[in-house]
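**Student:** Any chance you could fold what I've pasted below:
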Amino acid sequence: MINLKPEIVKLLKTVNENVVETFPDDWAKLPILVYEEENNTPYTTTTEGESRTLLRYRIEIYSKTSTSPFKAKIDEVMTKRGFTRSMCLDTNDLGGRRHTIMRYEGVVDLKDNKIYRA
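**Tutor:** Next up is the predicted model:
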């Protein structure tokens with residue numbers, strides 16, 4: 001098991017300063033990026049234990065205007081780190097906001113933190 005959440009937050013803050021792990025109490029401060037680690041499971045186990053971990057992150061964008069500029073920047077920083085985008089969905093938001101859901105995944109080698117395609 002590996003904890004890359006601090007690194008993910010740091011990457012996302014290069015896109016937008018307003019980054020949270022859970023849905024915010026105050027929706028007035030848009031745009032906002034909400035991220036969640038959806039999966040952190042062993043991918044490869046040896047006699048010494050877990051050697052590779054499958055990670056999956058969901059990143060949601062909420063904005064008053066188009067989410068497209070954020071999508072492009074998020075994709076740039078996440079793919080540069082080694083993650084693969086497995087989903088990007090523009091969806092309805094009953095609050096009148098623009099809402100996009102993106103999903104990234106990769107297999108992390110626990111010895112060197114390199115990320116490989118799942």
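**Student:** Can you pull the poorly scored residue ranges out of this protein?
**Tutor:** Within the chain, not a single segment meets pLDDT under 70.
**Student:** Do you have the helices of it handy? List them.
**Tutor:** Along the chain, counting by DSSP state H, helices occupy 5-13, 68-81.
**Student:** Any chance of a markdown table for those helices, columns mean neighbour count and distance to residue 38?
**Tutor:** The way it works is simple: take the backbone N, C-alpha and C, and place the C-beta from them, glycine included. Converted to a markdown table, the helices of the chain look like this (neighbours: other CB atoms under 10 Å; distance: least, CB to CB, whole Å):
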| stretch | mean neighbour count | distance to residue 38 |
| --- | --- | --- |
| helix 5-13 | 16 | 12 |
| helix 68-81 | 16 | 14 |
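**Student:** I'd like to know which of those helices is closest to residue 42.
**Tutor:** helix 5-13 (17.8 Å; CB to CB).
**Student:** residues making contact with the closest one?
**Tutor:** By CB atoms under 8 Å, 6 or more residues apart in numbering, the residues outside helix 5-13 that reach it are 19, 21, 33, 35, 37, 57, 59, 74, 77, 78, 81.
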